[in-house]
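Make a model of this:
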Amino acid sequence: MKVLITGLTGFVGSHLAEYALSRGATVYGSTKWRSKTDNIDHLQNQVNLIDCDLRDLSSVNVLIKESQPDVIFHLAAQSFVPTSWHAPGEAISNNSICQVNLFEAIRANNSDPLVMVAGSSEEYGFVPPEELPIKETAPLRPLSPYAVSKITQDFLAYQYHKSYGLKVVRTRAFNHTGPRRGDVFVESSFAKQIAEIEAGKKDPVVYVGNLEACRDFSDVRDIVKGYWLAIEKGEHGEVYNLSSGEMWTIQQVLDMLLSMAKVSIKIEIDPKRLRPSDVMFLCGDSNKFRDRTGWNPEIPFEQTLSDLLNYWRQTIK
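Modelled structure (predicted):
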């Protein structure tokens, strides 16, 4: 089986590549000339990287021709919510055009792969407490340009399935983390700061933003198994939540990481880490996906955070 992963060099892409290889797949990945490869340095001899700018249709045509994929996992996107506030037009146009180009290249090459499009729980946006846990039928009330861009991707996938018969499955994964998570994301930022403090490279202060927001966290290694099952057992055209179904406040995440620290640490609010508007509650109901595929998260959140902190300790060291 030939598997193409857009965004293979990213956090989730690297874990998905590992899992696909463990399933005996031949793995291809799109990469840009300036892409960092730290996440996949250990896989360089096992995956096939193809230079491709997903914003350029001719480049994407070459990607499809060279890889001839049986399965495509479309992960590539501008995925950091605060960045979308600073450059909203770029976030929306980038995430939309990359997916349109991928779908058009599939059509132009008369290819017929199974496709999974990675959406996001951010699509749900403002959710009143009485609507928790969030089902796939919940209204989409986006609170960031990033969320709008993911809704666009989500609906484009639905439209191309209905209009052209693309065998696409849509997923809306809730927060997921683990080793290699970028340090711009809240729990990874905490872990990196703690590792730097332990190594004597930073004053014993962790800077934080909004600690009251509640999030539904899963381990990235469980999520990529879910993505694989979405391809194997998901109904084409359908959308599925992937979530643990358990909420943690950011304060609880911070406290858990601080309890693993080897030194005493102070906390300070950094106004730059606060957003113009924030999603306060995200807790997903993934029963639709679990019933369809048999998926079930297996890695405890405490283990996920421990592995993340140890990743940063090794990286900083």
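
residues in contact with Ala17?
Each residue near Ala17 by C-beta atoms under 8 Å, 6 or more residues apart in numbering is listed here: 5, 8, 27, 29, 40, 43, 47. Yep, even glycine has a C-beta here, placed from its N, CA and C like the rest.

List the beta-bridge partners for the first one.
Meaning Ile5. Per DSSP bridges, the residues bridged to Ile5 are Gly29, Phe73.

Nearest to Gln159 among the contacts of Ala17?
Ile5 (22.9 Å; C-beta to C-beta).

doesn't Val71 make contact with that closest one?
No. Ile5 is not in contact with Val71 according to C-beta atoms under 8 Å; the separation is 9.1 Å.

quick one: which of the two has more around it?
Ile5 (30 against 19; other C-beta atoms under 10 Å).

which residues touch that one?
Contact analysis of Ile5 by C-beta under 8 Å, 6+ apart lists 13, 16-17, 20, 27-30, 72-73, 75.

which two from the residues you listed end up farthest apart in space?
Ala20 and Ser30 (14.4 Å).

neighbour-wise, which of these two wins?
Ser30 (28 against 25).

Leaving out the residues flanking it, which one is nearest to that one?
Using C-beta to C-beta, 6 or more residues apart in numbering and skipping the chain neighbours, the partner closest in space to Ser30 is Cys52 (4.2 Å).

Same check on Arg290?
Nearest to Arg290 is Asn296, by C-beta to C-beta, 6+ apart, at 6.3 Å.

Ok, Asp154 next?
Gly119 (4.6 Å).

Now do that neighbour: how many residues are near it, please.
23.

List of residues touching the helix or strand where it lies?
According to DSSP states H and E, Gly119 maps onto strand 114-120. Residues outside strand 114-120 that contact it (C-beta under 8 Å, 6+ apart): 12, 70-75, 77, 79, 99, 106, 146-147, 150-151, 153-154, 157, 166-173, 227, 230-231, 234, 239.

list the helices and strands the strand or helix carrying Trp85 packs on?
Following DSSP H and E, one finds Trp85 within helix 81-86. Applying 3 or more C-beta pairs under 8 Å, 6 or more residues apart in numbering; DSSP states H and E, one finds that helix 81-86 makes contact with helix 88-108, helix 145-164.

how far does the strand holding Gly119 sit from the chain's center?
11 Å (C-alpha atoms, centre = their mean, to the nearest Å).

try stretch 243-256
Here stretch 243-256 is found 17 Å from its chain centre; the criterion is C-alpha atoms, centre = their mean.

Any stretches of the protein with poor pLDDT?
Residue ranges of the chain with pLDDT under 70: 274-278.

how's the protein carved up into domains?
Domain ranges of the chain: 2-176+218-242, 179-215+246-282+299-316, per automatic domain parsing.

End to end on the longest one, go ahead and measure it.
The first and last residues of domain 2-176+218-242 sit 24 Å apart, counting by C-alpha to C-alpha, to the nearest Å.

and if you look at the last one?
With C-alpha to C-alpha as the measure, the first residue of domain 179-215+246-282+299-316 is 13 Å from its last.

Run the chain-centre distance for that domain.
Distance, centroid of domain 179-215+246-282+299-316 to centroid of chain: 18 Å (C-alpha atoms, centre = their mean).

same deal with the longest one?
A distance of 8 Å separates the C-alpha centroid of domain 2-176+218-242 from that of its chain, computed with C-alpha atoms, centre = their mean.

And for Arg172, the neighbour number?
Residues contacting Arg172 under the criterion other C-beta under 10 Å number 26.

Give me the secondary structure label for it.
The three-state assignment at Arg172 reads strand, by DSSP: H, G, I helix; E, B strand; the rest coil.

what kind of secondary structure is Glu136 in?
Going by three-state DSSP: Glu136 is coil.

Does it touch Lys288 like I think?
Yes. Counting by C-beta under 8 Å, Glu136 does reach Lys288; the two are 6.0 Å apart.

so what sits against both of these two?
Joint contacts of Glu136 and Lys288 (C-beta under 8 Å, 6+ apart) are 240-241.

residues contacting the residue nearest to Ala261 when sequence neighbours are not counted?
If the residues on either side of it in the chain are set aside, Ala261 comes closest to Ile194, at 5.0 Å by C-beta to C-beta, 6+ apart. Residues near Ile194 by C-beta under 8 Å, 6+ apart: 206, 257-258, 260-261, 265, 309, 312.

repeat that with 7 Å
Contact analysis of Ile194 by C-beta atoms under 7 Å, 6 or more residues apart in numbering lists 206, 257, 261, 265, 309.

I'd guessed Phe126 sits against Leu143; true?
Yes. Under the criterion of C-beta atoms under 7 Å, Phe126 makes contact with Leu143 at 5.8 Å.
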